[in-house]
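Q: show me the folded form of this:
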Amino acid sequence: MAKVAYTMENVDRCRCGKCPVYLSSPCAIAKNETITWTPGILPPAGVIEGIYCAEAVGKSKCSDLDSSRSCSCPTCQVWKDYGLTSTYFCIHGPEV
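A: Numbering: from 1, shown residues only. I've put the predicted structure just below:
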C-alpha cells in the first residue's frame, strides 16, 4: 500500500464531497465553501476538507462528522488505486 499523494488528480477523483459522512457535517461543507479554487492550483492541504486518505491532509478538523453514516471510501478510485483497506479516513486519519 502506497501513501496517497495530495495532488490535483487525486483531489479531482476524490469522493469525499459526495460521502454521507462528509455531507452530515455542516462544518466540513462550510470550510470548503471558503476556499478560493484557482484552476490547476491546489489549496494548502491544511485548509481542505476532503481527500482525508492523503497523509498531507489527514482527518477532518471538524468534530460533527456522523460515523453512523455509510462510508464511501471503498467506492473511490483513489482508494482502489492505492490499495487502501481502511475506511472513515475523515474520522481516523490516513492509513500508516
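
Q: residues making contact with stretch 89-96?
A: Residues from elsewhere that reach stretch 89-96 (Cβ atoms under 8 Å, 6 or more residues apart in numbering): 1, 3-4, 16, 19, 21-22, 28, 52-55, 57-60, 65, 67, 73, 84-86. C-beta coordinates here come from the backbone N, C-alpha and C atoms, glycine included.

Q: and the contacts of the longest helix along the chain?
A: Of all the segments assigned as helix in the chain under DSSP state H, the longest by residue count is helix 26-33. For helix 26-33, the surrounding residues in contact (Cβ under 8 Å, 6+ apart) are 17, 22-23, 47-50, 60-65, 90.

Q: now those as JSON lines including distance to residue 40?
A: JSON lines is the format used below for the contacts of helix 26-33 (distance: Cβ to Cβ, whole Å):
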{"residue": "17", "distance to residue 40": "19"}
{"residue": "22", "distance to residue 40": "24"}
{"residue": "23", "distance to residue 40": "27"}
{"residue": "47", "distance to residue 40": "17"}
{"residue": "48", "distance to residue 40": "15"}
{"residue": "49", "distance to residue 40": "20"}
{"residue": "50", "distance to residue 40": "17"}
{"residue": "60", "distance to residue 40": "25"}
{"residue": "61", "distance to residue 40": "25"}
{"residue": "62", "distance to residue 40": "27"}
{"residue": "63", "distance to residue 40": "32"}
{"residue": "64", "distance to residue 40": "31"}
{"residue": "65", "distance to residue 40": "29"}
{"residue": "90", "distance to residue 40": "25"}
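
Q: who wins on neighbours among these?
A: Neighbour counts for the contacts of helix 26-33 peak at residue 90, which has 26 neighbours (criterion: other Cβ atoms under 10 Å).
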